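>>> Sequence first, predicted model second:
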Amino acid sequence: MTAADVLLIALGAIAVGSGVLVVTTKHLVRAGLWLVVTLAAVAGAYLVLGAELVAWVQVLLYVGAVVILLLFAVMLTRAPIGASDDLDRPRWPGVLIGGGAGLGLAALFVAAYGWMKVPRPPSGTAERLGEQIFSVWVLPFEVVGVLLLAALVGAIVVSRPDIGARR
Amino acid sequence: MHPVIAYVIAALLVGLGVYGILARRNAILVLMAVELLLNGVNLVLVAADTTVKAALPATGQAFALFVIVLAAAEIGVGLAIVLQLYRMRRSVAVDEVPLERVP
């Protein structure tokens, strides 16, 4: 057990614990706020794993943009402020399939990797990742840019009733 | 460090995401569960960088960045659809969405 292991276990406990609250809480807004805690803990895990750029992109994009968008949607759909009892369907299929998927995958990983020890990766700077993206992965990078533009236009068309979806 | 810790955390996040997608009625909460699922996938990709000897360095991190961008695009279009659904039906419950063709 090194310091990195202890940090990973602590961050993982925070991430999984607040993730449980995201999918079980009865308050819509609180689900969004617990999602912030989960995403921040996962960003911390990226830092421990030596992926600094990914961690900061996670904080910027997920915590900064995606959660804000979700909270805007919660407000725009006039969600109730207090606890609401009709947020869940019957639970047992979800428990069965979700628990099966999660625990099955976890068992698979434990069987595959066991208690294998690897050297702690050097904390990656943006330079190494940037070189890779702009040399090897430059075509997917451009395609993702086009996809983002398409998603932007699609979101505008879908949400404006005067040019897009008519009743 | 032991990479299996990160892998098990990622697997549990994926399980939680699947549970949320199946058990939640509110479409916005379903989208939040999808974010949990995608975070589990990203954690696997980043952790794979430390264990898998790939031909190129930092491949998993590059893929994780791509997945983050795809998640951003997904949440934009998804929320636009949810808002349009709310505007049409005054409700965002996913099991009240009519499956037959709207005349």
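Arrived safely, thanks for sending. Quick caveat, the model's predicted, so the values are computed rather than measured.
>>> who's in contact with B:Ile28?
A:28, A:70, A:73-74, A:77, A:79, B:79, B:82, B:92 (C-beta atoms under 8 Å, 6 or more residues apart in numbering or on different chains). Heads up, the C-betas are built off the backbone N, CA and C, glycines and all.
>>> OK, now which residue of chain A is nearest to chain B?
In chain A, the residue found nearest to chain B is A:Gly102; the distance is 1.6 Å by C-beta to the nearest C-beta.
>>> so which helix or strand takes in that residue?
helix A:92-113 (DSSP states H and E).
>>> now the strands: where do they sit in chain B?
Counting by DSSP state E, one finds no strands in chain B.
>>> From B:Arg25, how far out is the residue positioned nearest the centre of chain B?
Centroid check for chain B by C-alpha atoms, centre = their mean gives B:Val34 as the closest residue, at 3.0 Å. Distance from B:Val34 to B:Arg25, counting by C-beta to C-beta, to the nearest Å: 15 Å.
>>> quick one: low-confidence parts of chain A?
Scanning chain A for pLDDT under 70 picks out A:124, A:164-167.
>>> what's the answer for chain B, then?
For chain B (pLDDT under 70), the answer is B:102-103.
>>> Can you show me the helices along it?
B:3-23, B:27-51, B:59-89 (DSSP state H).
>>> quick one: is the longest one near chain A?
Yes: Helix B:59-89 lies in contact with chain A when judged by C-beta under 8 Å from any C-beta of the partner chain; the contacting residues are B:59, B:61-62, B:64-66, B:68-77, B:79-84, B:86-88.
>>> Just give me how far that helix sits from the chain centre.
Computed by C-alpha atoms, centre = their mean, to the nearest Å, the separation of helix B:59-89 from the middle of its chain amounts to 9 Å.
>>> In it, which residues are buried?
By neighbour count on 16 or more other C-beta atoms under 10 Å in any protein chain shown, the buried set for helix B:59-89 is B:59-69, B:71-86.
>>> try stretch A:132-140
A:132-133, A:136-137.
>>> residue contacts, the spatially most central residue of chain A?
Centroid-nearest residue in chain A: A:Leu39, 5.7 Å away (criterion: C-alpha atoms, centre = their mean). For A:Leu39, the contact set (C-beta under 8 Å, 6+ apart) comprises A:58-59, A:62-63, A:67, B:35, B:39.
>>> Hmm, A:Trp34 and A:Thr25 touching each other?
Yes: with contacts counted by C-beta atoms under 8 Å, A:Thr25 reaches A:Trp34, the gap being 6.5 Å.
>>> more neighbours, those two?
Regarding A:Thr25 and A:Trp34, a neighbour count based on other C-beta atoms under 10 Å in any protein chain shown identifies A:Trp34 as having more, with 21 against 18.
>>> Of all residues in chain B, which one is closest to chain A?
Closest point on chain B to chain A, by C-beta to the nearest C-beta, is B:Gly15, at 1.6 Å.
>>> ok, that residue to A:Ile14 distance?
Here the distance between B:Gly15 and A:Ile14 works out to 17 Å (C-beta to C-beta).
>>> which of those two has more neighbours?
The residue with more neighbours, out of B:Gly15 and A:Ile14, is B:Gly15; 27 against 17, by other C-beta under 10 Å.
>>> The more buried one: what's its closest spatial neighbour, skipping adjacent residues?
Nearest non-adjacent residue to B:Gly15, counting by C-beta to C-beta, 6 or more residues apart in numbering or on different chains: A:Gly102, 1.6 Å away.
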